[in-house]
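The amino acid sequence is not available; the structure is as follows:
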């Protein structure tokens, strides 16, 4: 049993060291890979020598991780891959991750935390089922940590988009009523405003410039953000274009509806504030207050009882 524990601790330490070195060398490897791509555009002379001059991580470790990620992608069900891809798109594609990288990251985190759980069990002298349960719980936490971090990033990004949407609609309405076309109004919004929504609008306009249909570009915008309010606005704009109705009137109605929804969210958050404050008050504020107010009285009572007994 002890040799197995020592082996797991050694494997965990090796993986942690390799992962730390990989993150330190990541920027350098990216520059080297870009230089290698530039060299490939020229004459192929000395290509083998250039490949041998690359560091060990670029020649061996990185391809091995890519191959392992490809194998995991082939073994993972398509529904899970599509779900992870959609989550990464909603999160803004952090660090250019894909579904295979996310699964690989989850497995690595699970293995590392498993080693940490075994180390914790050995440190506290746990035995039997208790040690196994502790290691499994810590490993499950490590496996779920990347997904939890991704969900938090998605929630934060969508919250920022929801905050930017009412102002964007107001500026878009003013531009349309001033006589600008819808595309020019979107361009003006992207130039005047800053933030995630403005960046997504700029990307949508670039897609339209490259030949994509406006309706498809709008639906792609909704798919990249995953915000229900934006989906409602885009559906109303598409319906207005199909029916040939007044776009300014549609935008005015949608702007009023979005502001009403934001007001309702603020009121809901205000109603939840007393409930959220209850736990800090009971477990943090009240004990300190009782110590300050009742502490001197308790000391005097103890002195009085000590004099009698």
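Yep, it's here. In this text, all values refer to a predicted model and were calculated from it rather than measured experimentally.

what is the mean pLDDT for the longest helix along the chain?
Using DSSP state H, we find that the single longest helix of the chain is helix 129-177. On average, the pLDDT along helix 129-177 is 89.

Output the contacting helices and strands for the helix or strand following it.
Stepping forward along the backbone from helix 129-177, the first helix or strand reached (DSSP states H and E) is helix 182-192. If you count contacts as 3 or more CB pairs under 8 Å, 6 or more residues apart in numbering; DSSP states H and E, helix 182-192 packs onto helix 129-177, helix 196-209. All C-beta spots, glycine's among them, are computed from the backbone N, C-alpha and C.

For residue 238, which of those is the nearest?
Evaluated with CB to CB, the helices and strands packed on helix 182-192 place helix 196-209 nearest to residue 238, the distance being 13.1 Å.

what comes up buried for that closest one?
Across helix 196-209, burial judged by 16 or more other CB atoms under 10 Å covers 196-198, 200-201, 204-205, 207-208.

Kindly report the same for stretch 144-151.
Buried positions in stretch 144-151, judged by neighbour count with 16+ other CB under 10 Å: 146, 150.

Over to stretch 230-243?
Here stretch 230-243 shows 230-231, 233-234, 236-237, 240 as buried, counting by 16+ other CB under 10 Å.

contact partners of it?
Contact with stretch 230-243 is made by 161, 165, 169, 182, 197, 214-215, 218-219, 221-222, 246-247, 250-251, 253-254, 257-258, as judged by CB atoms under 8 Å, 6 or more residues apart in numbering.

Outline the domain layout of this protein.
Per automatic domain parsing, the domain ranges recorded for the chain read 2-42+54-154, 160-263.

Rounded mean pLDDT for the one helix or strand residue 70 maps to, please.
Counting by DSSP H and E, the element that carries residue 70 is helix 62-75. Helix 62-75 carries an average pLDDT of 69.

now do stretch 201-213
Across stretch 201-213, pLDDT averages out at 89.

How far away from the center of its chain is that stretch?
Averaging C-alpha positions (CA atoms, centre = their mean, to the nearest Å) puts stretch 201-213 25 Å from its chain's average.

Stretch 88-108 now?
Centroid separation between stretch 88-108 and its chain, computed with CA atoms, centre = their mean, is 9 Å.

now do the same end-to-end measure for it.
End-to-end distance for stretch 88-108, by CA to CA, to the nearest Å: 18 Å.
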